[in-house]
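**Q** Here's a sequence, model it:
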Amino acid sequence: MYELGIFAAFILWVYSTMMAVANANSQLSRNLAKVGMRLSWVSGEPVPVGDQAGGAWRFISALLAAIFGLAAILFSWFTVAISVGMMIYQKSKAAGMPQAVKEFRWKLRNVDMTREQILTEMAAAQNAVMPGSAARQ
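**A** Purely as a prediction, here's the structure:
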């Protein structure tokens, strides 16, 4: 049973590593870069781009994250449970979002937008979440 857990954890590690590479080269990442943001490697949420040392630091940190994930395979079913729980959370967190926010997220993922378009859509989505917030700014 332990070996089956290791195999399942390995398959999930391969999947998550491939998704991280795909996300790093996605339309979403390109659009976020236009407004000074990037996807967090841990949560997958947009975060501000900090002062980074450059491409070498990004490669080293991505490599360390992949090695850590590979080492976590030894925890077998615990790793599988955590991975599946994170996937379910990522899919279910959009359930209660207003339609304007869902449309904005879809556009970020699928449409090559200019910086001005992104900021305009972001303000509209924020106003849908907290009505009147755009007027206070």
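**Q** what mean pLDDT does the helix ranked longest in the chain have?
**A** Looking across the chain with DSSP state H, the single longest helix is helix 2-24. What helix 2-24 shows for mean pLDDT is 86.
**Q** Where does pLDDT dip in the chain?
**A** 41-43, 51-55, 131-137 (pLDDT under 70).
**Q** need the strands for it, in chain order.
**A** Along the chain, counting by DSSP state E, strands occupy 37-39, 46-48.
**Q** which of those strands is buried the deepest?
**A** Greatest average neighbour count among these goes to strand 37-39 (a mean of 17), per mean count of other C-beta atoms under 10 Å. Using the backbone N, CA and C atoms, a C-beta is placed for each residue, glycine as well.
**Q** middle-most residue in the chain, spatially?
**A** residue 44 (2.1 Å; C-alpha atoms, centre = their mean).
**Q** Give me the nearest residue to that one, chain neighbours excluded.
**A** Counting by C-beta to C-beta, 6 or more residues apart in numbering, residue 44 lies nearest to residue 90, which is 6.4 Å off, once chain neighbours are set aside.
**Q** what number of residues lie near that neighbour?
**A** Using other C-beta atoms under 10 Å, residue 90 has 12 other residues around it.
**Q** Was I right to think it contacts residue 23?
**A** No - counting by C-beta atoms under 8 Å, residue 90 stays clear of residue 23, with 11.5 Å between them.
**Q** Are there residues contacting both of the two? Which ones?
**A** residue 44 (C-beta atoms under 8 Å, 6 or more residues apart in numbering).
**Q** who touches the nearest residue to residue 109 once chain neighbours are set aside in this structure?
**A** In this structure, residue 109 finds its nearest non-sequential neighbour in residue 28, 4.8 Å apart by C-beta to C-beta, 6+ apart. By C-beta under 8 Å, 6+ apart, the contact set of residue 28 is 39, 108-109.
**Q** go with 10 Å
**A** Counting by C-beta atoms under 10 Å, 6 or more residues apart in numbering, residue 28 touches 37-39, 46, 105, 107-110.
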